[in-house]
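[1] model the following, please.
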Amino acid sequence: MICFHTTDKADAILRNGFRDNTRLVAGVQFTGVFISDQPVTEEEGAKGDQLLQLEFSDDVDLGPVIVGGEPHSWCVPAKLINDYATVTLLTDEERDAAREARWSATFKALGILRQLPQESTPPPRLEQ
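    A predicted model of the protein is given here:
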């Protein structure tokens, strides 16, 4: 399974491994590392613009999805990532392509046929 983690500390993570952090989400405290099955941007609450790709073998159980919908998100112990994932820092071009693939799939799923410009950014979030 391929997952992603957006950060501003990729060098430290690659050098020393992931560390658990505690964060409140909707009034619930989570401790671990937030990862998702699609790249998440700063506009969506991620910190930083560096994208780490985490590759797990299919037999690794990430536990329950804590945020459903798109993207799916998990909070997993840092040790699980450090012990069982192959971690790669994506280049800016690879990061942009991964984000583009996410938005293209979203537009297709919504029935919106639209070709995004080569140097595009995700559409703005709509306030509800």
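[2] tell me the contacts of residue 58?
    Residue 58 is in contact with residue 1, counting by CB atoms under 8 Å, 6 or more residues apart in numbering. (Each C-beta comes from the backbone N, C-alpha and C, glycine too.)
[3] that's a strand at it, yeah?
    No - per DSSP: H, G, I helix; E, B strand; the rest coil, residue 58 lies outside any strand segment and is coil.
[4] now it: how far from residue 1?
    Distance, residue 58 to residue 1, by CB to CB, to the nearest Å: 6 Å.
[5] for this protein, longest strand please?
    Looking across the chain with DSSP state E, the single longest strand is strand 28-36.
[6] hmm, who's touching that one?
    3-5, 18-24, 54, 62, 66-67, 71-78, 81.
[7] put the alpha carbons of that strand into CSV.
    The C-alpha trace of strand 28-36 is given here as CSV (Å, rounded to 0.1, in the frame of the first residue of the first chain):
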residue,chain,number,x,y,z
VAL,A,28,-10.4,13.6,20.1
GLN,A,29,-6.7,13.2,21.0
PHE,A,30,-4.6,11.2,18.6
THR,A,31,-0.9,10.2,19.2
GLY,A,32,1.2,9.0,16.2
VAL,A,33,1.9,10.1,12.7
PHE,A,34,-0.9,11.2,10.3
ILE,A,35,-0.7,9.6,6.9
SER,A,36,-3.2,9.4,4.0
